[in-house]
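**Q** My questions are about this predicted structure, shown below with the sequence.
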Amino acid sequence: MRAQRIFFELFRWCFIVLWLYAGTIKLIDHKLFIEQLEMSPLLASVSVIVSFTFPLLEFITALLLISPRTLRPALFLTLYLFLSLALYILYLFILAPKVPCACGGIIERLNWSGHLILNFTGVALAVILIRIDPYRTPVIDLKDSKEFSPSAL
């Protein structure tokens, strides 16, 4: 159990650092981020909106991951972000391989295969953390509870 808790906390904090880093990098060179989004066949028409909402979503996710009260929704948001990015990168990898990466920072140096590996690893880790979340409230099985039996009604 202790090893599981250490694993959970390690990757929880890795996600926090990753989302803060990713959001910050996008805002530091915001003009370049918009230019790269404008080259995307899917995002060109909404590049300015995405350029603000995606870093904001990354910051919100990082903040939500900090508190045990908001951890569970934050883990699902992390899963959603990684899955969305993986599907988007898969789309680019297959249909638009010449579009530049809009990630920024060291992540920008990855090729499309590296991006896919990173994001699907993020998906897998998010699923694992959701499953082993030590802060989740236990589910009450109403079938086994005498207080909530149908005959008591």
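**A** Yep, that arrived.

**Q** pLDDT below threshold where in this structure?
**A** In the predicted model, the chain carries pLDDT under 70 at residues 138-153.

**Q** What segments of it are strands?
**A** Taking DSSP state E as the test, none of the chain falls into strands.

**Q** could you show me where the helices are in it, in order?
**A** In the chain, the segments counted as helices under DSSP state H are 2-28, 30-38, 47-66, 71-95, 112-132.

**Q** Pull the number of nearby residues for the residue nearest to residue 73 when sequence neighbours are not counted.
**A** On the basis of CB to CB, 6 or more residues apart in numbering, the spatially nearest residue to residue 73 that is not a chain neighbour turns out to be residue 64, at 6.3 Å. In short, each C-beta sits where N, CA and C put it, glycine included. The burial count assigned to residue 64 is 20, neighbours taken as other CB atoms under 10 Å.

**Q** Would you convert the helices of the chain into a markdown table that also reports distance to residue 101?
**A** Converted to a markdown table, those look like this (distance: least, CB to CB, whole Å):
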| stretch | distance to residue 101 |
| --- | --- |
| helix 2-28 | 11 |
| helix 30-38 | 7 |
| helix 47-66 | 14 |
| helix 71-95 | 9 |
| helix 112-132 | 7 |
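
**Q** buried sites along stretch 42-61?
**A** Taking 16 or more other CB atoms under 10 Å as the basis for neighbour counts, the residues of stretch 42-61 that come out buried are 43, 47, 50, 51, 54, 55, 57, 58, 59, 61.

**Q** what sits up against it?
**A** Contacts to stretch 42-61, defined as CB atoms under 8 Å, 6 or more residues apart in numbering, come from residues 15, 19-20, 22-24, 26-27, 30, 33-34, 37-38, 40, 74, 77-78, 81, 88, 91.

**Q** and stretch 44-61, how far from the chain's centre?
**A** Here the centre of stretch 44-61 is set off from its chain's centre by 13 Å, with CA atoms, centre = their mean, to the nearest Å.

**Q** Output it as PDB, nothing but the C-alphas.
**A** Output of stretch 44-61 as PDB, limited to C-alpha atoms (Å, rounded to 0.1, in the frame of the first residue of the first chain):
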ATOM      1  CA  ALA A  44      -6.900  27.500 -37.600                       C
ATOM      2  CA  SER A  45     -10.300  29.100 -37.400                       C
ATOM      3  CA  VAL A  46     -10.300  29.000 -33.600                       C
ATOM      4  CA  SER A  47      -6.600  29.500 -33.000                       C
ATOM      5  CA  VAL A  48      -6.900  32.600 -30.800                       C
ATOM      6  CA  ILE A  49      -9.600  31.100 -28.600                       C
ATOM      7  CA  VAL A  50      -7.600  27.900 -28.200                       C
ATOM      8  CA  SER A  51      -4.400  29.900 -27.500                       C
ATOM      9  CA  PHE A  52      -6.000  31.300 -24.300                       C
ATOM     10  CA  THR A  53      -8.300  28.500 -23.300                       C
ATOM     11  CA  PHE A  54      -5.800  25.600 -23.500                       C
ATOM     12  CA  PRO A  55      -3.100  27.200 -21.200                       C
ATOM     13  CA  LEU A  56      -5.900  28.200 -18.800                       C
ATOM     14  CA  LEU A  57      -7.300  24.700 -18.800                       C
ATOM     15  CA  GLU A  58      -3.700  23.400 -18.100                       C
ATOM     16  CA  PHE A  59      -3.400  25.800 -15.100                       C
ATOM     17  CA  ILE A  60      -6.800  25.000 -13.700                       C
ATOM     18  CA  THR A  61      -6.000  21.200 -14.000                       C
END
